[in-house]
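Novice: turn this into a structure:
(2 chains)
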Amino acid sequence: MRIMIGKIGEWFDHRLQLAAPIREAVEHPVPRNTASWFYVFGSAALTVFLLQLVTGILLALIYVPSAGEAWSSLQALNHQVALGWFIRAMHGWGSNFMVAIVLIHMTQVFLFGAHKFPRELTWIIGVFLLLMTLGMAFTGQVLRFDQDAYWGLGIGASIASRVPILGPAVVKLMLGGPIIAGATLSRFFALHVFVIPGMLIAFVSLHLLMVLKLGINEWPMPGRIVKRETYEAQYHALTKSEGAPFLPYAIWKDMFFAAFIILAIAACAYYFGPFGPTGQPDPTVIQTAPKPDYFFLWLYALLSLLPPSLETPFLLIVPPLVIIGLILLPFLSGEGEKSWKRRPIAVVTVLMIAITLGTFTRMAQLAPWSPRMNAWSGEPVPDRYIHGTTALERQGALVFQVKQCRNCHSLGDSGGQRGPALDSVAVRLTQDQLIRQVVQGGGNMPAYGNNLSPAETTALVAFLETLHPAAQSPARDAARDLALSESKPKSATQP
Amino acid sequence: MSTKPVLAPSTDGTLSRRRFFAKLGILFNGFAAMVVAVPVVGFLFSSVTRGRTNGYLSWVPLGRIDEFPEGETRLATFRNPNVMPTDGKTVDTPCWVRHVAGEKFQVFAINCAHLGCPVRWFPQSGLFMCPCHGGAYYRDGARASGPPERGLFEYPYKVENGLVTIQAGELPTPGAAIASLTGEKPPCAS
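Specialist: Numbering: from 1, shown residues only, chains lettered A, B, ... in the order given. As a prediction, the model looks like this:
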């Protein structure tokens, strides 16, 4: 039997002549200390990419890229087709893992100085691979054609429209027409299924080819300086003296980690299930608060927190600058120390980016800037704020709810967080200041002068004046007290 | 037969017959590519160029004038004038209709002027609120607070034979508000 297989193998190789180059590739010597658990993320990203290809093709067997039918075909995948839910879940979780692993891979490569000479082009292609991965994530979110996808496209169009002069044309090009409709989904399908994957396959091949040709980055040693003139000779000496063949010396760790990641994705898919789809992509259903998928939450936060006037310049200038910076990085620091132990600025930069993105993501999950659209009708005024109040103050509490103040202001930790919590507002603002704030607005609050009758304003302010801790007296305008006491008849003020 | 590569530079500076034909072949392919490129590029950018020639905008009816009580703001939906067979429900577009008085109306796009999320009308407080980043607008569409840099987008409207009709057909975005395309600026535009 073995002889038979060997003969068949020989027959094929006599014609294909692939055995020798494959053997050369997998047995090429790598520096001994690169057989490390730190070096497994690149191969893991490749593994997840292959998994995405397979699950993606499986989904395409059922999915219909038509704005009229995409949503119901996803429902069919979830509920009608055997194991359709699992394949959808694998593809969705696979995309989350893909983005995460690509980012970890990039961080590791940067901290280990692998972007330096002679691997600059490997890094640059890696930057494009990151952009394509994010492109796949966004277009994939659109293919899950539900409410979030529909309004997410609107957000994308609104951002694109801000490009000077070309904006409106860019929007029509992106949407494939004047509005978000069938043509929009079709072109995102083409991007997600043909264009970007094709580019990814080409770029991943180049990326891998260069890793093979230039050799894997050696473990960085503090003090071992990269110089253009000497590096390649040093590297070859290193692989010769303390090198070991990639197969089997290093590859077993890659294999273990790849299998672990596949199992982790399958476990997440099994326990947490597929993502959505949420409500139907029907624009007339406006009771929705669209939020992007996990990897773009930081952007959602950024767009709420930037000052409005800075938003457009920021959106149009910073992303190109970041991309140019990443591309230029290997040319700006192509030589010198590789070890992160001797590159404090690199470490601080990575930490700062990680903390910033993490903070923005967390904030976007809480979204304190979004009004709670149902707080006014759904969340009661806490008992303790009503207990023992006058009829006027109670009327004020009613005005507070009915006029949707609660959508932006919380009482007793429930309600919106867009504006400040009002539990102790009477300590901060005097009666006059409260009236002025309610009637004229300001500090990011709309003016309510046109929507409150004088009686409603009086009642509302009377209620707000009761909002202070028992042990703290409300704010008073001393000058006003004095003026009021002077204007009263003398007999009344004297004992 | 010579083993010399066809495109290798000739040693004596003359143009051999086969080098000439190889160059002619490249030229011919370039010509073919250009001929094909014209329809390809035209197809790719058709969604942009069509907007420029005969435009996407047209007048669509929203409903009879008595469907919109005076002094109130109501949600109306219309079918976008350009429909493709695969559009499904996406061509049904909502908008807010404010009947000011008599034949005076304001028709606001559903899309927030910040990033296009659907704004909701709260008649009690007389505000439009956006669920995404907290933009708020007054009853006349003017910006009240939050990240939007301008008021709500307004559709040009007319009242004919008791029908409220608006000029629509494009997604209103901060870069190209509907009204600015037709040459008139909404009163709330900053």
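Novice: so where is chain B shaky, pLDDT-wise?
Specialist: Where chain B drops to pLDDT under 70, the residues are B:1-11, B:51-55, B:176-190.
Novice: now residue 21: which helix or strand?
Specialist: Answering for chain A, as no chain was given. helix A:19-26 (DSSP states H and E).
Novice: sorry, should have said chain B
Specialist: Using DSSP H and E, residue B:21 sits within helix B:17-44.
Novice: now do that helix: distance to the chain's middle.
Specialist: 35 Å (C-alpha atoms, centre = their mean, to the nearest Å).
Novice: buried stuff in that helix?
Specialist: By neighbour count on 16 or more other C-beta atoms under 10 Å in any protein chain shown, the buried set for helix B:17-44 is residue B:19. The C-beta positions use only the backbone N, C-alpha and C, and glycine is treated the same way.
Novice: cool, and stretch A:339-359?
Specialist: Buried positions in stretch A:339-359, judged by neighbour count with 16+ other C-beta under 10 Å: A:339, A:340, A:342, A:343, A:346, A:350, A:357.
Novice: closest to residue A:65 among those residues?
Specialist: residue A:357 (31.7 Å; C-beta to C-beta).
Novice: OK, contacts around that closest one?
Specialist: Shown in contact with residue A:357 (C-beta atoms under 8 Å, 6 or more residues apart in numbering or on different chains): residue A:298.
Novice: kindly recompute the last result at 10 Å.
Specialist: A:103, A:295, A:297, A:298, A:299, A:301, A:302 (C-beta atoms under 10 Å, 6 or more residues apart in numbering or on different chains).
Novice: how far away is it from residue A:176?
Specialist: 32 Å (C-beta to C-beta, to the nearest Å).
Novice: does any part of stretch A:317-329 sit near chain B?
Specialist: No: residues of stretch A:317-329 contacting chain B under C-beta under 10 Å from any C-beta of the partner chain: none, with a closest distance of 15.8 Å.
Novice: list the buried residues in that stretch.
Specialist: Those would be A:326, A:329, for stretch A:317-329 by 16+ other C-beta under 10 Å.
Novice: next one: stretch A:451-468
Specialist: Here stretch A:451-468 shows A:451-452, A:456-468 as buried, counting by 16+ other C-beta under 10 Å.
Novice: again, but for stretch A:372-384
Specialist: By neighbour count with 16+ other C-beta under 10 Å, stretch A:372-384 contains the buried residues A:372, A:373, A:375, A:376, A:379, A:381.
Novice: would you mind splitting the chain into its domains for me?
Specialist: Chain wasn't specified; assuming chain A. Taking automatic domain parsing as the domain assignment, the ranges for chain A are A:25-366, A:375-478.
Novice: not what I meant, chain B
Specialist: B:1-44, B:57-181.
Novice: wait, isn't residue A:30 in contact with residue A:250?
Specialist: Yes: counting by C-beta atoms under 10 Å, residue A:30 touches residue A:250, with 5.6 Å between them.
Novice: distance of residue A:140 relative to residue A:148?
Specialist: Taken as C-beta to C-beta, the span from residue A:140 to residue A:148 is 12 Å.
Novice: next, show the common contact partners of the two.
Specialist: Common contacts of residue A:140 and residue A:148 (C-beta under 10 Å, 6+ apart): A:275, A:293.
Novice: ok, which stretches of chain B are strands?
Specialist: Counting by DSSP state E, the segments of chain B that form strands are B:58-64, B:73-79, B:92-101, B:104-109, B:120-122, B:127-129, B:136-138, B:143-145, B:154-155, B:157-160, B:163-168.
Novice: chain A is nearest to which of these?
Specialist: Of all the strands of chain B, strand B:143-145 sits nearest to chain A, with 3.4 Å by C-beta to the nearest C-beta.
Novice: returning to what we had before: please identify which of the buried residues of stretch A:372-384 is nearest to chain B.
Specialist: The shortest distance between chain B and any of the buried residues of stretch A:372-384, using C-beta to the nearest C-beta, involves residue A:373 and amounts to 5.6 Å.
Novice: tell me who's in contact with the nearest residue to the closest one once chain neighbours are set aside.
Specialist: Excluding the flanking residues, the one nearest residue A:373 by C-beta to C-beta, 6 or more residues apart in numbering or on different chains is residue B:131, at 5.6 Å. Applying C-beta under 10 Å, 6+ apart to residue B:131 gives the contacts A:151, A:286-291, A:367, A:370-373, A:407, B:112, B:117-120.
Novice: show me how to select, in ChimeraX, the buried members of those.
Specialist: Selection of buried members from the contacts of residue B:131 for ChimeraX, criterion 16+ other C-beta under 10 Å:
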select /A:151,286,288,289,290,291,367,370,371,372,373,407 /B:112,117,118,119,120
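Novice: now, which of the contacts of residue B:131 lie within strands?
Specialist: Per DSSP E, strands hold the following members of the contacts of residue B:131: residue B:120.
Novice: among the contacts of residue B:131, name the ones in helices.
Specialist: Among the contacts of residue B:131, the ones falling in helices (DSSP state H) are residue A:151.
Novice: residue 68: neighbour count?
Specialist: This is for chain A. Residue A:68 has 20 neighbouring residues, counting by other C-beta atoms under 10 Å in any protein chain shown.
Novice: that answer is for a different chain, and I need it for chain B
Specialist: 19.
Novice: who's in contact with it?
Specialist: Contacts of residue B:68 (C-beta under 10 Å, 6+ apart): B:62, B:74, B:76, B:97, B:98, B:99, B:105, B:107, B:164.
Novice: and it, how far from residue B:162?
Specialist: Residue B:68 sits 11 Å away from residue B:162, going by C-beta to C-beta.
Novice: what's the neighbour count on residue 153?
Specialist: In the absence of a named chain, this looks at chain A. Count around residue A:153 with other C-beta under 10 Å applied: 27.
Novice: meant chain B actually
Specialist: Counted with other C-beta under 10 Å, residues neighbouring residue B:153 total 27.
Novice: swap in residue A:44?
Specialist: Using other C-beta under 10 Å, residue A:44 is surrounded by 22 other residues.
Novice: which helix or strand contains it?
Specialist: Assessed by DSSP H and E, residue A:44 sits inside helix A:41-60.
Novice: relative orientation of the next helix or strand after that helix and helix A:41-60 in degrees?
Specialist: Using DSSP H and E, the helix or strand that follows helix A:41-60 in sequence is helix A:70-79. Interaxial angle of helix A:70-79 relative to helix A:41-60 (axes from the mean of the first three to the mean of the last three C-alpha atoms, to 10 degrees): 100 degrees.
Novice: could you check whether helix A:70-79 is close to chain B?
Specialist: Yes: Helix A:70-79 reaches chain B (C-beta under 10 Å from any C-beta) through A:70, A:71, A:72.
Novice: turn these into CSV, columns for pLDDT, distance to residue A:184 and neighbour count.
Specialist: Shown next, in CSV, are those (pLDDT from 0 to 100; distance: C-beta to C-beta, whole Å; neighbours: other C-beta atoms under 10 Å in any protein chain shown):
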residue, pLDDT, distance to residue A:184, neighbour count
A:70, 95, 11, 26
A:71, 95, 14, 26
A:72, 95, 18, 16
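Novice: return the member of those nearest to residue A:480.
Specialist: Taking those together and measuring to residue A:480 by C-beta to C-beta, the closest member is residue A:71, at 60.8 Å.
Novice: I'd like the mean pLDDT over stretch A:143-151, please.
Specialist: Average pLDDT, stretch A:143-151: 93.
Novice: what separates it from the chain centre, distance-wise?
Specialist: Taking C-alpha atoms, centre = their mean, one finds stretch A:143-151 lying 16 Å from the centre of the chain it belongs to.
Novice: from residue B:81, how far out is residue A:286?
Specialist: As for residue A:286, its distance to residue B:81 is 21 Å (criterion: C-beta to C-beta).
Novice: cool, and residue A:164?
Specialist: Going from residue A:164 to residue B:81 by C-beta to C-beta gives 28 Å.
Novice: so these two - more neighbours on which side?
Specialist: More neighbours surround residue B:81 than the other of residue A:164 and residue B:81, with 18 against 8 (other C-beta under 10 Å).
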